Structure formats: C-alpha cells, structure tokens
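Dropping the sequence and predicted coords here.
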Protein chains: 2
Amino acid sequence: MELRHLRYFIAVAEEGHVTRAAERLGMQQPPLSQQIRALERELDVQLFRRKPRGVEPTAAGRALLADARAILAQIDHACATTRRTARGEEGRICVGFTSSAPFHPFMPRVIRAFRERYPLVSLTLEESGTTELIEGLRAERVDAAFIRTPVANPEGITVSPLLEEPMVVALPQGHALARTSKSEALALKSLATETFIVYRRPTGPGLYDAIIAACHASGFSPRVGQEAPRIVSTLNLVAAGLGVAIVPASLQRMQMDGVAYRRLKGTAPRAPLRLALRRHDTAPPVRRFLDLVRQTARAFSPSPREGGEKVARSAG
Amino acid sequence: MELRHLRYFIAVAEEGHVTRAAERLGMQQPPLSQQIRALERELDVQLFRRKPRGVEPTAAGRALLADARAILAQIDHACATTRRTARGEEGRICVGFTSSAPFHPFMPRVIRAFRERYPLVSLTLEESGTTELIEGLRAERVDAAFIRTPVANPEGITVSPLLEEPMVVALPQGHALARTSKSEALALKSLATETFIVYRRPTGPGLYDAIIAACHASGFSPRVGQEAPRIVSTLNLVAAGLGVAIVPASLQRMQMDGVAYRRLKGTAPRAPLRLALRRHDTAPPVRRFLDLVRQTARAFSPSPREGGEKVARSAG
DNA sequence: TATGGTTAATATGAAATCCATATCGAATGG
DNA sequence: CCATTCGATATGGATTTCATATTAACCATA
C-alpha cells in the first residue's frame, strides 16, 4: 500500500463520487477507479458500494476513512517535526558550566534567549568541574560547556573564547586594605605578604596558573594557603579571614557577609569565559546554541560592563 | 511522500548501511540511495551523515525514524481493523427485542454466542414494542430485532421466522383449574367462561389475534378483560386474580408468586419468534449476526425443549 | 606512501506502473 | 423507451522506478 491510495481513498469517500473526487485530485476518473480497486484488492475488502449515483463507503470503508485521515495527519506531523529538528528548533541539549560561569550575566542571558527562541528544544543545565565537563562532552552526556580555563587534552573538543573579564581581589571585611574606598583600586603588589586562597588545581588548572603568573609579573611569589574545591568555598574561606582570593569580577555579584571586593590596578590577571563543544558536532540545536552564544558575545564584547549589571535569572 | 520512502528510510536507518539495507529490501543499492536522497530533497532535510563506513542518522533522521515506525504500525493497524470490520468481526450492532423474547432461551444463547465469537463488535440491546422496533430499524437506530408478531407494513424490512413454541395458560394460584396436577394439560375450551388478560393491541397485534383465533376455533368467544402494556404486567394482573392469560411457554421461566401455568391440550395457539432486519442490509456485523441466529435456530428446531431449559444469562 | 577494499554517488538503459483518452455497461428518471 | 449519469474496462503514452556499470572518496594495511 502507498499513501497515494489513502489520499485517493479519502477523496472518494469524502465526495461519495469518483468523478468529482478525480476532479478534486486533478486527475481523470478511470485511473482513480483503478487505484481504488487496487486498494480493495490488496486489502481483500470492499470499501465502497457502487450505487447508480456515486459510491458509498461500506462499514469497512468508514472504518478505514477514520484511520486514513489520522495517518495523513501523522505524516504531516512527522514532516514538521523532522524539519524543526533539522533546523535545531526541536530536540535536546545539555549545557554544562563551571560554578563561576553563571555569575557573569552573559551565561544567564544566553540561556534565557535560547529558551525563548527555541521553546521546543528541551534544555538541561549541569554544573560540574571543568575536567568532568570535558569528559561529559566526550561521553555525549553534555553538548556544550561554559568553562573558564584552557583544556588540558583537547582531543575532539573545540574551545571558543567568548569574553574576558578582569579579576578582582576578595578581602576579609576587617582587613586593613579593605578600609580604603570601595572604588579605589589596589596594586597587586600590595598583596605580596598575604595568604592566597585558591581553588584546587586538578579541577581548574588555568585560573590558578594565571593568578600565580600575574603575581610573578608583579614581582612576588604568592604564599598559597588553603585550597577550596569550589569557588563559593573560596569566598567562605576569605570571609573566615583565612586569606585573600583573586576571583573573576563577576563574582562580585555574590555579595557575601565578611567579604569585600577591590579592583586591581594595572595589568590585573584576566579571567576568560569559553565555550567547549565536541569538534564536528552537527547536532542542530548545538549549532543554534553556538550561533546564539557568538551573537550574544559580540553584543557583550564592545562594552564589557562587568559587575555592574543585573542578572535576570541564574539558571532556567 | 510515499510509504515506500518511509520503508526504505527505516531500513537504512536501522542497518546504518545503504548496501545492507538494499539487500534486506530485496533491491540494489543505487535506487535505494536515490530514493533516500529524494526523501531528503522533499523534506529539505539531511537525514543521514555519510561516513566512510556506512551512514548515520542525523538528529532529524532519528526524530523521523521514531515517527516513521509509528506510522507504519498505524498502517498495519488500519489494515487489520478494516479487514476485521469487513468480516463483521469489528463494529457496532444494536439488537432490539420485544419484552417477551428474552424469556426464550434462544435469544440469550444467541447474544452470548455472538459476543464470544465477535468480541470486538460492540453490541447494544434495546427492549421496546414491536412497532417502535420496526421504526427503529428504518431509522437505523436498531440493526436487528427479535419480535413475535408479523409486521404491519414490511416496506424495506425482512422478517425471518426462527422458532415456534406452544402457548400456555397462566392462572391465578387459587383458581379451580390450578388445583389439577402441574403436568396435566388443560383444554382451551375449559377457559370459555374466564376473563382474558391481553396485551394492548397497537404494540403487539399478532399475538392477540392468534389467541382470539384459537378460542374461536375451540368454539367460544373469549371475554376480554383488562389490557396490559407489557407482558410482565399481564402476569401481574393474573396474579392479582383479574383473569387468565395465554402466554408463550417460555414465559414459564418467569416464576411469579400467585401465578400457575398449565399446558394446553390439542391445537394450542403457537407463539413464533422472528428476526426483523433491514432488507439489503450489507453491514458485516449484521450479516454475521443473522448467520449465527440461523445456525442457532437450526440447532433449536429439531427438539424445541421449551420451558425445560436453563438460561445462562438473560442479557449481556 | 602506495594500494587494495569498502561504500555511497552518478549515469544510463530497461521495466513497471501510473495516468489519459476512448468506449462500454448498468441503472435511473423523465 | 430513450437520454443521462456514472463507474468499469481497454489501450497507448508518459513518468517513475529499478538494475547494471562505473566513478569517487575514504580507510586500512603493507
């Protein structure tokens, strides 16, 4: 059986008249009669009772009519779904991110824009460490990941730089350097005698290295104190007075009791934001996501209004 | 689009290999490649990613695969339903009957057998007067009707005789004639002085006429007392002592306090059971029903064991 | 690096099938 | 009883589908 048979059958059943149905289908009556009879022969079922004025569906014909209409409707639905899926307007995407990424207004904005624009794509978010995210990409558990650091082993992975933001220093509230005006910037060198809280190396090697390098550039080797597993823990340790920390400026939106932020003078270390994808991933929602990320990044980069902006939602 | 495209697409998607899929479909590789490309062109969607070792469905392809399978399944289902409907194994039938019909074991047996044999045919029962049933047949509210009397205006209606059973007399419990042995038969003539309860003429003309005729044949003109709208009401009036009634033998299974039944000697009036249908009704379930009714009637007629048989269920 | 093998794409001719024209047959209604 | 209507049949033409032969691309292995 072919869909043609069903289309012809529906027309004849609806018209109750082979000749009129043929007109409606833009063909002649004899081939239509032929096809109807072919369908009847294949099913071994009489679908119409031939009457002197037109034809009338039998009980079996009426039963088939309902099903045939449903089938054609399902065909249309399938075509639409397929096209939407191909255009990336329908499907699934899992976006991973490191804990510090959503503090930058960029990520929530992208997520929100994507959900608005492609409401039929079901988007899931997953927070994890950078190495786990990259593993997740390889295992196809994650389709895109916002990370801050370069990837150790980029085999099969593409990392696109999106933005850079300066880093700031987080000081304990009572600290001597925290007595200066909020708007005043500190020289990195003035932190030479401080204890530095850093996040654990295996999870995020890059940011750690950047901080150390910047200190060296300022002429001192930082004393490293405790290591924290997540960036939020870092700030907790700062609040407890265990040391200072160098964090991306966007972290300032995390207003925490006992922590004061100060900008850094001169060549402050910079924290990048990057998007990691599987190389050659052609999944349409992922491509759409990448397009949107790039477009949003362009809107951000001319005037990187770090820290001064309001976040609508941290995650959807 | 045609079903062929979907069938081919499914094969290729499942095999992940055009050549193997072609084998499975019993065709060569080039035309299969052609048809797949034609489908892609029509949908304007890439369904497969061509890899050096076979092909791999894209996200859109995977989406279509699920839908295509569902569509083919629905096609199979539609074919099966159509065939079953044509064979009368699926559909609807409404069987009407006069109030006295289900007391004869024949009708419940037929109904039960039909439901067992054609479980997918939804059967509804409707009790009504004979004239209403015939009207119902014409209006297609009813498809078959068990009646006892001939039809006044049989235009467009076929009535098949099924069975005949003798009639018996229902006497009030305390009546003099009820003192005889239960197994003893009474002469109709012995009721000459009795008052007869009959059912109203417009609803069931035939049975009334048959009783009067039998009385005349026995040499008396019966005194007609009250008329009852339904046969059950007749027996109630008998129980109340308002007279006697001549009823089909199968009514004896209606054991009612205050009513005694006696067989009639000699040429007792006989009550027929008939099936009324629309003339030229080709609806398959109706034909199946008629077949089953006739077959069951043949099994009954050799030995009409009236009144002595157990009824399994009165109606389903 | 070269080469053989594998697989999908392309080209072309043959076969099937689908459709249009012409005609027939059955049934109805004036 | 004839004209009309409408579906079925017959036959030739056009399109489509399929098969054979060949090409191109890509890997694996020597």
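Nice, I can see it.

Hmm, B:L6 and A:E2 touching each other?
No - the criterion here is CB atoms under 8 Å, and A:E2 misses it with B:L6 at 10.2 Å. Bear in mind the C-beta positions are built from the backbone N, C-alpha and C, glycine included.

hang on, A:A152 in a strand?
No - counting by DSSP: H, G, I helix; E, B strand; the rest coil, one finds A:A152 to be coil, located in no strand.

State the distance from it to A:D209.
12 Å (CB to CB, to the nearest Å).

If you count residues, where's the longest strand of chain A?
Ranked by residue count, the top strand of chain A under DSSP state E comes out as strand A:157-172.

Show me what that strand is packed against.
helix A:130-138, helix A:231-239, strand A:245-248, strand A:259-262, strand A:270-278, helix A:284-300 (3 or more CB pairs under 8 Å, 6 or more residues apart in numbering or on different chains; DSSP states H and E).

winner for burial among these?
Mean neighbour count, computed with mean count of other CB atoms under 10 Å in any protein chain shown, is highest for strand A:245-248 among the helices and strands packed on strand A:157-172, reaching a mean of 26.

pLDDT (mean, whole number) over it?
Averaging pLDDT along strand A:245-248 gives 92.

How far off centre is it?
26 Å (CA atoms, centre = their mean, to the nearest Å).

Quick check: A:A210 touching A:A268?
No - the criterion here is CB under 8 Å, and A:A210 misses it with A:A268 at 10.3 Å.

Now the common contact residues for these two.
A:M167 (CB atoms under 8 Å, 6 or more residues apart in numbering or on different chains).

and chain A, which residues reach chain B?
A:1-4, A:43-47, A:49, A:58-60, A:63-64, A:67-68, A:70-71, A:74-75, A:77-79, A:81-83, A:85-86, A:90-91, A:282-285 (CB under 8 Å from any CB of the partner chain).

change it to 6 Å
A:2-3, A:43, A:45, A:59-60, A:63-64, A:67, A:71, A:74, A:78, A:81-83, A:85-86, A:91, A:283-284 (CB under 6 Å from any CB of the partner chain).

Out of those residues, which are close to DNA strand C?
Near DNA strand C, judged by CB under 7 Å from any atom of the strand, the entries from those are A:E2.

Show me which helix runs longest in chain A.
In chain A, taking DSSP state H as the definition, the longest helix is helix A:59-86.

residues of the helix or strand immediately after that one in the chain that come out buried?
Reading on from helix A:59-86 to the C-terminus, the next helix or strand found by DSSP states H and E is strand A:90-97. Residues of strand A:90-97 classed as buried: A:E90, A:G91, A:I93, A:C94, A:V95, A:G96, A:F97 (neighbour count, 16 or more other CB atoms under 10 Å in any protein chain shown).

moving C-terminal of strand A:90-97, what's the next helix or strand?
That would be, after strand A:90-97 and using DSSP H and E, helix A:106-117.

got a list of contacts for the helix or strand that that following helix is followed by?
Next in sequence after helix A:106-117, counting helices and strands by DSSP H and E, comes strand A:120-127. By CB atoms under 6 Å, 6 or more residues apart in numbering or on different chains, the surrounding residues in contact with strand A:120-127 are A:E89, A:E90, A:G91, A:R92, A:I93, A:C94, A:V95, A:G96, A:F97, A:S99, A:P285, A:A315.

what would the residues you listed look like in CSV with pLDDT?
Shown next, in CSV, are the contacts of strand A:120-127 (pLDDT from 0 to 100):
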residue, pLDDT
A:E89, 93
A:E90, 94
A:G91, 92
A:R92, 92
A:I93, 95
A:C94, 95
A:V95, 96
A:G96, 95
A:F97, 95
A:S99, 87
A:P285, 93
A:A315, 28
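
Near A:Y8, how many other residues are there?
25 (other CB atoms under 10 Å in any protein chain shown).

what about the residue nearest to it when sequence neighbours are not counted, which SS state?
Excluding the flanking residues, the one nearest A:Y8 by CB to CB, 6 or more residues apart in numbering or on different chains is A:Q35, at 5.0 Å. Using three-state DSSP, the structure places A:Q35 in helix.

Just give me the neighbour total for A:Q35.
19.

So which residue is dead centre in chain A?
A:V95 (4.5 Å; CA atoms, centre = their mean).

Would you quantify the distance from the residue of the stretch 151-300 of chain A found nearest chain B to B:L39?
The stretch 151-300 of chain A approaches chain B most closely through A:A283 (5.1 Å), counting by CB to the nearest CB. Going from A:A283 to B:L39 by CB to CB gives 20 Å.

residue contacts, A:Q46?
By CB under 6 Å, 6+ apart, the contact list for A:Q46 reads A:E40, A:T58.

next one: phi and psi at it?
Backbone torsions of A:Q46, given as degrees, to the nearest 10, read phi -80, psi 120.

Kindly report the same for A:M256.
phi -120, psi 130.

give the contact list for the closest residue to it other than its chain neighbours.
Spatial nearest neighbour of A:M256, excluding adjacent residues (CB to CB, 6+ apart): A:L235 at 5.4 Å. Counting by CB under 6 Å, 6+ apart, A:L235 touches A:A170, A:M256, A:V259.

Lowest-confidence entry in the residues you listed?
A:M256 (86).

could you check the distance from that residue over to B:T296?
For A:M256, the distance to B:T296 equals 88 Å [CB to CB].

Report the angle between the worst-scoring helix or strand of chain A on mean pLDDT and helix A:130-138.
Lowest by mean pLDDT, DSSP states H and E among the helices and strands of chain A is helix A:205-217, with a mean of 81. Relative orientation of helix A:205-217 and helix A:130-138, computed by axes from the mean of the first three to the mean of the last three CA atoms, to 10 degrees: 140 degrees.
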